[in-house]
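A.B. asks: My questions are about this predicted structure, shown below with the sequence.
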Amino acid sequence: MNKLNINRDKWESSSEIYYEMVFKFSAFNHDSGTYRIFVEQKAVQTALLIDDEQYKTSDHFIFTLATVENLFIKAEDVIANAEEYKITYHAELGYPTQIVVDYNKSIADDESSRIVSELFRSSDTACTLEAKPARAFALSLAGQPDADVCDAVVYLEDGDYT
């Protein structure tokens, strides 16, 4: 538990309110797919299944699993109750990057894994807006693969955008 608490303290000291992560959940013979998760105020706001580019609604199970806070809760449960497990943490930020668990080695279908392969904090993103001639603009992002964390809303009208 000491390693978990040290890493939880690292994460909580970052005071991160908004973040985006790539998350994968698998259990025994079920692979749920890979999701791009957008979190605000410790709750999943949007979940995109990357494999088929489908957004999931808030009643989808991924909304209850995919926050750093829920990963810490799961890690606590695993440490207290599992016969075999492996938990790894991000070296700098402390969040769990992998939780692999087998609660009971004599039961064949209780294994599961949770993997965070990327996490982007809003504080790691620099957003700049540059006015261009003819009422156009350019949005530049540093350290972030898309504009969601910049709160950018773009309205387009009919026209030539080449």
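C.D. replies: Structure's in. What do you need?
A.B. asks: Now do the helices in the protein.
C.D. replies: Using DSSP state H, the helices assigned to the chain run over residues 2-13, 62-65, 68-81.
A.B. asks: Could you list the buried residues of the last one?
C.D. replies: The neighbour-count check on helix 68-81 (16 or more other Cβ atoms under 10 Å) flags 68, 70, 71, 72, 74, 75, 78 as buried. In short, each C-beta sits where N, CA and C put it, glycine included.
A.B. asks: which residues are contacting that helix?
C.D. replies: 1, 4, 8, 11, 16, 19, 21, 39, 42, 64-65, 85, 87, 95-96, 99, 101, 103, 114, 116, 119 (Cβ atoms under 8 Å, 6 or more residues apart in numbering).
A.B. asks: where does it sit relative to the chain's centre, distance-wise?
C.D. replies: Offset of helix 68-81 from its chain centre (Cα atoms, centre = their mean, to the nearest Å): 16 Å.
A.B. asks: Just list whatever residues bridge to the residue lying closest to residue 55 once chain neighbours are set aside.
C.D. replies: Excluding its sequence neighbours, the residue lying closest to residue 55 (Cβ to Cβ, 6 or more residues apart in numbering) is residue 48, at 5.4 Å. Residue 48 forms beta bridges with residue 36, residue 55, as assigned by DSSP bridges.
A.B. asks: coming back round to it: pLDDT and distance to residue 108 added to the buried residues of helix 68-81, as CSV?
C.D. replies: Listed next are these as CSV, based on pLDDT from 0 to 100; distance: Cβ to Cβ, whole Å:
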residue, pLDDT, distance to residue 108
68, 94, 30
70, 93, 26
71, 95, 25
72, 96, 28
74, 94, 21
75, 96, 23
78, 96, 18
